[in-house]
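*Asks:* here are the coordinates; sequence isn't available:
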């Protein structure tokens, strides 16, 4: 949402300033220049990237425009879910959660947290780690190494779309110059004609340069930076899960493991201990109350 607001502010400021200087908006409406720049930029994107990254860019752009899914509520729900899950492991043993791990969509615990289930990598990150714990024979240190490796591979994959879009942003000023040069070529062909006609061609050429720079620094570049930040937030979310799971695998009680996970949450999103404890205890009390009824 803030990305959309930012883009609107950029265009409002530029158009507002242009109109304050008594500029003619019709001069800026140059569809041919936009087609040259946008079309060439799309072509360079296709040349430089495989189809999977092009699809990932589209998906990440939608996520960026909607806003980051990693909110304080998301973290609090994750802590509640993991406390409930680890509490079950502690009371009934690892084998009791084998079906939860193998079929998370059918798990009585996981299905109450659709955001977690819909996050394919976070779901597989947790389930694969617990699957290895159920199998046994893997030391916590080795488990930590596997989780770290998984995070590195995932983060590398997640930053590829933003890096590719950043490359396109860097090319836009140059493509604006290409559009401007083509406008100058057309202007040269119109020499000797009416001055008004020559003026229109010169204006169109300059608008090409203007559009290339504007799209680079006002739209595509900032979107790329925002995509990169969301990829970093995804990595931070997995880090919380890693810390929490590792603490439990080393023998910590569920509440201690969840508290260690809470400490790993970025400070601006971290719930207080009281908020976490209240949420976890209330969530844990629900099944007991239902059983008593």
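*Replies:* Yep, that arrived. What you see is a predicted model, and the numbers here were worked out from it, not measured in a lab.
*Asks:* make it CA atoms for all contacts and neighbour counts henceforth
*Replies:* Noted.
*Asks:* Please enumerate the helices of the stretch 101-250 of the chain.
*Replies:* 114-118, 120-135, 140-189, 195-214, 221-249 (DSSP state H, counting those that start in this stretch).
*Asks:* Let's have these in a markdown table, adding mean pLDDT, distance to residue 40 and mean neighbour count.
*Replies:* Formatted as a markdown table, the helices of the stretch 101-250 of the chain follow (pLDDT from 0 to 100; distance: least, CA to CA, whole Å; neighbours: other CA atoms under 10 Å):
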| stretch | mean pLDDT | distance to residue 40 | mean neighbour count |
| --- | --- | --- | --- |
| helix 114-118 | 92 | 35 | 15 |
| helix 120-135 | 91 | 34 | 17 |
| helix 140-189 | 91 | 7 | 18 |
| helix 195-214 | 85 | 11 | 20 |
| helix 221-249 | 94 | 16 | 21 |
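*Asks:* quick one, which of those helices is nearest to residue 262?
*Replies:* Proximity to residue 262, assessed across these by CA to CA, is greatest for helix 221-249 (7.2 Å).
*Asks:* Could you pull out the buried residues of whatever helix or strand comes next after that closest one?
*Replies:* Downstream of helix 221-249, the first helix or strand assigned by DSSP states H and E is helix 254-264. Across helix 254-264, burial judged by 16 or more other CA atoms under 10 Å covers 254-255, 257-264.
*Asks:* distance of residue 47 from residue 54?
*Replies:* 10 Å (CA to CA, to the nearest Å).
*Asks:* More neighbours: those two, which one.
*Replies:* residue 54 (19 against 10; other CA atoms under 10 Å).
*Asks:* what about the more buried one, which helix or strand?
*Replies:* Applying DSSP H and E, one finds residue 54 within helix 51-66.
*Asks:* List of residues touching that helix?
*Replies:* With contact meaning CA atoms under 8 Å, 6 or more residues apart in numbering, helix 51-66 is reached by 1-4, 45-46, 69, 160-162, 165, 223, 226-227, 230.
*Asks:* switch the cut-off to 10 Å
*Replies:* For helix 51-66, the external contacting residues (CA atoms under 10 Å, 6 or more residues apart in numbering) are 1-5, 42, 45-46, 48, 67, 69, 157-165, 223-231.
*Asks:* how big is the angle separating it from helix 140-189?
*Replies:* 90 degrees (axes from the mean of the first three to the mean of the last three CA atoms, to 10 degrees).
*Asks:* following helix 51-66, which helix or strand comes up?
*Replies:* helix 72-92.
*Asks:* Show me what that following helix is packed up against.
*Replies:* Here helix 72-92 touches helix 114-118, helix 221-249, helix 254-264, helix 273-292, going by 3 or more CA pairs under 10 Å, 6 or more residues apart in numbering; DSSP states H and E.
*Asks:* Between the ones you listed, which one is closest to residue 146.
*Replies:* Here helix 221-249 is closest among the helices and strands packed on helix 72-92 (CA to CA), at 10.1 Å.
*Asks:* what helices or strands is the closest one leaning on?
*Replies:* helix 2-20, helix 51-66, helix 72-92, helix 120-135, helix 140-189, helix 254-264.
*Asks:* okay if I get these as CSV plus distance to residue 246?
*Replies:* Formatted as CSV, the helices and strands packed on helix 221-249 follow (distance: least, CA to CA, whole Å):
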stretch, distance to residue 246
helix 2-20, 35
helix 51-66, 30
helix 72-92, 12
helix 120-135, 9
helix 140-189, 7
helix 254-264, 8
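*Asks:* Most distant residue from the centre of this structure?
*Replies:* residue 192 (53.9 Å; CA atoms, centre = their mean).
*Asks:* quick one: that one and residue 275, what's the gap?
*Replies:* Separation of residue 192 from residue 275 (CA to CA): 77 Å.
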